[in-house]
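Peer 1: Sequence first, predicted coordinates after that:
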Amino acid sequence: MDTQFIDFLKGMEATDLSPAYTLENLAITLLLGVFLGQIVAWVYMWTHTGVSYVRSFTQSLVLLTIVVSLVMFVIGNSIVTAFGLIGALAIIRFRNVLKDTRDTVYVFFSLVLGMALGSQRYLAALVGTCALLTVALYLHFTNFGSLASFDGHVSLRVGPEGEFPKGLLRRHCSKTRQISARHRNQEEVDYVLEVRLRNRSRGAEFVNELQETDGIASASLVLRDELAEI
């Protein structure tokens, strides 16, 4: 079995499958690293939610792709160079803690992307980038993994001359559910509703229209964190 394995390795060497490490290929590798690294960073920016966004992390995704590409290009097929770089990198201590597991995925992908480019597997890098970013956009725009079907709560007080704003709610909300209705006196009623907004960015406009509606004494909207399930 050992003899067959050695013969297999010799056959691989004889086929000359190793890429050509030339200056032209290095330029192509680094240009693709810049291009694909920026695409990954842009998708990360577009799909990022929460309050943990850091500009330096987004820039590091681009730089990390280029650096790893260059490292893989320098290593080439040299085992000695590979062990030398491992020893040099062992001196470096990375103490930055990523708070979001999604950030870890992007860092890991930048590493893999740089390895693919540095070993001149350009087709694998392009197809892999398109596949991962397509899935990332799909998960973002479909709110995959979200258990809550409502964006938040609307509280409003309807006065004696007012009516429940059904039309306004239908225009701004795709889904509503009344939680409570408390009669403060014979004239005013406090309503609390769960709402699913058609456009979260227009929440302030929605509240302003409620407050300007005749007969509504007050209105407020509380939106939940998109990353938290309550």
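Peer 2: Yep, it's here.
Peer 1: distance from the centroid: which residue in this structure tops it?
Peer 2: Largest separation from the mean C-alpha position in the chain: Gln186, at 50.3 Å (C-alpha atoms, centre = their mean).
Peer 1: Now the element after the strand ranked longest in the chain, going C-ward?
Peer 2: Secondary structure assigned by DSSP state E gives strand 173-183 as the longest strand of the chain. Later in the chain than strand 173-183, the nearest helix or strand by DSSP states H and E is strand 189-197.
Peer 1: Packing partners of that next one?
Peer 2: Applying 3 or more C-beta pairs under 8 Å, 6 or more residues apart in numbering; DSSP states H and E, one finds that strand 189-197 makes contact with strand 152-158, helix 166-172, strand 173-183. Quick note: C-beta positions are derived from backbone N, CA and C, even for glycine.
Peer 1: low-confidence ranges in this structure?
Peer 2: 1-19, 50-51, 80-97, 146-148, 225-230 (pLDDT under 70).
Peer 1: For it, which segments count as helices?
Peer 2: 2-14, 23-47, 55-75, 79-89, 101-118, 122-141, 166-172, 203-212 (DSSP state H).
Peer 1: In TSV, list those helices along with mean neighbour count and distance to Arg196.
Peer 2: Shown next, in TSV, are the helices of the chain (neighbours: other C-beta atoms under 10 Å; distance: least, C-beta to C-beta, whole Å):
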stretch	mean neighbour count	distance to Arg196
helix 2-14	9	58
helix 23-47	17	20
helix 55-75	19	30
helix 79-89	11	49
helix 101-118	19	24
helix 122-141	14	16
helix 166-172	14	10
helix 203-212	15	12
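Peer 1: Between the ones you listed, which one is closest to Ser155.
Peer 2: Taking C-beta to C-beta, helix 203-212 is the member of the helices of the chain nearest to Ser155, at 9.9 Å.
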